[in-house]
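Asks: fold the following for me, if possible:
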Amino acid sequence: MSYRRLAASAAVFAAGISLIPGMAHAAGTDSGDARGISKPDLAQAGLKNTATFSSPAARSIRQGAPTPKSKLAAAPLAETAAANPTLAVGLDAFATSAHAIELDTSVTSAATPLDIAIAWGDGATTTASAAGTQLVASEHTYAELGTYTVKVTVTDKAANTSVTNEVAFTTAGSDYTPYGPTRLLDTRNGTGAAKAAKVAPYSSAHLKIGGNGSIPAGVTAVVLNVTVTGTTSGGHVTAFADGDDKPSTSNVNFVPGQTVPNLVIVPVGPNGYVNLYNGGWEPVDLIADVTGYFTQTASSGYTPLAPQRFVDTRTGTGTAKGQLAGYGSFGTQITGLGKVPASGVTAVALNVTVTNPRSDGHLTVYPSGQQAPTASNVNFTTGQTIANSVIVPVGPDGRINIRNGGWNPADVIVDVVGYYSPQSKGSYLPFTPERMIDTRDPQDRVYGPLAGRDYIYTAMAEPGSGVTGFVLNATVTNTRDSGFLAVAPDPNTLDEYDNGAAGPPAPPTSSTLNWTTGKTVPNLVQASTGGTGLVDFWNQSDGNADLIVDVFGMYQES
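Replies: Numbers count the residues shown, from 1 in each chain. Below you'll find the model as predicted:
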């Protein structure tokens, strides 16, 4: 049932690293006392603000087949001139998923049988029937995103007449187009800003996306790597569409003296702009690098994967064994490995971790066949273990490159979490950011710190809904030990948890974000829902930590 009808009717262990000697503890939680929440409303959240496409009955075009002469002579003049004179049809169309439409056909007619023919604009047709004035609801799913002209014909065979009406409908989902990486904003030198100046506290940098460079107007969302630097106090950065109210969620958290990046997938306002809000007490410099954008036209859909390690310089996985030299780079194959197809992949979603760096620096991830851009993906300090999400175009040979922008060597770990391709059907539906979990909040259903080696399960989508993944921002704070957060689909169903029949999931070994004791660390997560619609959040450390999870959008295949 559609949303509208519902509304109307009512270095760290991550990457295999351990900074503190000792044995890992076994998970202390079984299915009988696991904490969890259910958020089934998320599957409809992306449709709340979608448009209704209408064509009123006044636009009906009346058609009548010529009446045979034998009947014309016998029929009264008024009857032949206006058979079923009230016959008309009005159309209202709206999205029921990323690819699907519900069409409400409002028929006005005398009390007589009617035939309804619907041409959906993609070559498909369906039929229905009515008896006099009636509302007829029909549904259809488009294989590709786009704008389609839906034409409806209502025929009164007895009166030998028909009316037609049509409405243009645009699918709600958005597909991804790789771009860059390209720097759009750097307040240190005035790139993308009126002048070189820090962003004042409790104010926003106003960043043009649609129409900037070769990014088209009408983009629905953009992928940015946002870096905050030059910090003299603690705070956070919130990215949101221009024209929307600033949400209470955050994308990047920072402390004095810290340079920290985070990937964001943020809706773009109707005017083509996004806002980057400085929630700190002092001015900060902001840098934004674009790696792609979403539009409501067919391009590349998303296929989420269970995280898989493609590169680890400590073991020689995916590259030569040994630390990546300062100002050095290496390439690694992406396509044709694991569950990534051998061809057709336009971009890949990664979690990139740097550990054991011997100096401050940054990593840049970019397509093969290109020069390394000035954009950075992961910024680090000497000895730090830190991860960041990355979405990067794949080169023509199916490879990507990674460059160490530091003076000295560092280890690099790359986990693949999904890919974009024209064959992938997962289209993006951004929605108003929502805080899903905050273990610090007494009103939260999972109140209280997340214990070490413990997890929280979250039912985020109904099986069969076509929802394959969610875009989240996860933050850990009040950390009592060094460790990492792992996010993975749960093999159990919500019914199995509710009935005490769930088996303990295997703790994931891939990391989403890494922390040391006492740190607050955020990271974007592209979380797969697996086959059950449940996502697990694991504290892979030996101490308690508070967890905050904000949800920004979802991928849906149908």
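
Asks: what's across from the residue nearest to residue 521 when sequence neighbours are not counted in the sheet?
Replies: Nearest non-adjacent residue to residue 521, counting by CB to CB, 6 or more residues apart in numbering: residue 515, 4.5 Å away. In this view, the C-beta of every residue, glycine as well, is placed from N, C-alpha and C. Assessed by DSSP bridges, residue 515 has beta-bridge partners residue 483.

Asks: isn't residue 515 right next to residue 480, touching?
Replies: No: using CB atoms under 8 Å as the test, residue 515 is too far from residue 480 to be in contact (10.4 Å).

Asks: quick one: secondary structure of residue 169?
Replies: strand (DSSP: H, G, I helix; E, B strand; the rest coil).

Asks: swap in residue 294?
Replies: Put simply, residue 294 is strand when judged by three-state DSSP.

Asks: quick check: it vs residue 46, distance?
Replies: As judged by CB to CB, to the nearest Å, residue 294 and residue 46 stand 12 Å apart.

Asks: joint contacts of the two?
Replies: Residues touching both residue 294 and residue 46 (CB atoms under 8 Å, 6 or more residues apart in numbering): residue 430.

Asks: what number of residues lie near the residue nearest to residue 521?
Replies: The number of residues packed near residue 515 is 25, by other CB atoms under 10 Å.

Asks: adjust the sequence numbering to begin at 51 for everything that follows.
Replies: Renumbered: residue one is now 51, and that last one reads residue 565.

Asks: so what's it up against?
Replies: Taking CB under 8 Å, 6+ apart, we find residue 565 in contact with 62, 526, 529, 532, 533, 534, 535, 571, 591, 595.

Asks: list the neighbouring strands of the helix or strand hosting residue 596 plus their orientation.
Replies: Using DSSP states H and E, residue 596 falls within strand 596-606. Using DSSP bridges, the strands paired with strand 596-606 are strand 477-488 (antiparallel), strand 517-527 (antiparallel).

Asks: now the shortest one: how far from the chain's centre is it?
Replies: Computed by CA atoms, centre = their mean, to the nearest Å, the chain-centroid distance of strand 517-527 equals 9 Å.

Asks: tell me the mean pLDDT for it?
Replies: Average pLDDT, strand 517-527: 95.

Asks: okay, buried residues for stretch 225-239 please.
Replies: 225-237 (16 or more other CB atoms under 10 Å).

Asks: same check on stretch 267-281?
Replies: Those would be 269-281, for stretch 267-281 by 16+ other CB under 10 Å.

Asks: hang on, isn't residue 573 packed against residue 537?
Replies: No: look at residue 573 against residue 537 with CB under 8 Å: they stay out of range, at 9.4 Å.

Asks: need the residues touching each of these two.
Replies: Between them, residue 573 and residue 537 share the contacting residues 524, 562, judged by CB under 8 Å, 6+ apart.

Asks: pLDDT weak spots in the stretch 451-600 of the chain?
Replies: Along the stretch 451-600 of the chain, no part satisfies pLDDT under 70.

Asks: those strands in it, which residues are they?
Replies: With DSSP state E, counting those that start in this stretch as the criterion, the stretch 451-600 of the chain has strands at 461-471, 477-488, 505-509, 517-527, 533-539, 563-565, 571-578, 584-591, 596-606.

Asks: pipe the ones you listed into TSV and attach distance to residue 399 per row.
Replies: Putting these into TSV (distance: least, CB to CB, whole Å) gives the following:
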stretch	distance to residue 399
strand 461-471	4
strand 477-488	12
strand 505-509	20
strand 517-527	10
strand 533-539	13
strand 563-565	15
strand 571-578	5
strand 584-591	15
strand 596-606	11
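
Asks: before we move on, back to that, centre of the chain to the strand holding residue 596, how far?
Replies: Taking the mean of its C-alpha atoms, strand 596-606 sits 9 Å from the chain's own mean (CA atoms, centre = their mean).

Asks: that strand versus strand 533-539: what angle between them?
Replies: Orientation of strand 596-606 against strand 533-539 (axes from the mean of the first three to the mean of the last three CA atoms, to 10 degrees) gives an angle of 30 degrees.

Asks: how much does strand 596-606 deviate in direction from strand 584-591?
Replies: 150 degrees.

Asks: angle of strand 596-606 against strand 571-578?
Replies: For strand 596-606 against strand 571-578, the angle by the same axes, to 10 degrees is 30 degrees.

Asks: for the stretch 101-250 of the chain, give me the ranges with low pLDDT.
Replies: Using pLDDT under 70, the stretch 101-250 of the chain drops low at 115-132.

Asks: that one: strands as residue ranges?
Replies: 103-105, 111-114, 138-145, 150-158, 163-169, 175-181, 184-191, 197-206, 211-220, 225-236.

Asks: and of those strands, who's closest to residue 544?
Replies: strand 150-158 (23.8 Å; CB to CB).

Asks: can you show me the CA trace of stretch 500-509 as CSV?
Replies: In CSV, the C-alpha atoms belonging to stretch 500-509 read as follows (Å, rounded to 0.1, in the frame of the first residue of the first chain):
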residue,chain,number,x,y,z
LEU,A,500,26.8,-0.3,23.8
ALA,A,501,28.9,-2.8,25.6
GLY,A,502,32.2,-4.1,24.2
ARG,A,503,31.7,-7.0,21.7
ASP,A,504,28.0,-6.3,21.8
TYR,A,505,25.6,-5.2,19.0
ILE,A,506,22.3,-3.4,18.4
TYR,A,507,20.1,-4.9,15.6
THR,A,508,17.8,-2.5,13.7
ALA,A,509,14.8,-3.6,11.5
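
Asks: for that stretch, buried residues please.
Replies: Buried residues in stretch 500-509 (16+ other CB under 10 Å): 500, 501, 502, 503, 504, 505, 506, 507, 508, 509.

Asks: with distance to residue 410 added, can I get the strands of the stretch 101-250 of the chain in a markdown table?
Replies: Converted to a markdown table, those look like this (distance: least, CB to CB, whole Å):
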| stretch | distance to residue 410 |
| --- | --- |
| strand 103-105 | 53 |
| strand 111-114 | 69 |
| strand 138-145 | 47 |
| strand 150-158 | 50 |
| strand 163-169 | 62 |
| strand 175-181 | 62 |
| strand 184-191 | 51 |
| strand 197-206 | 49 |
| strand 211-220 | 47 |
| strand 225-236 | 19 |
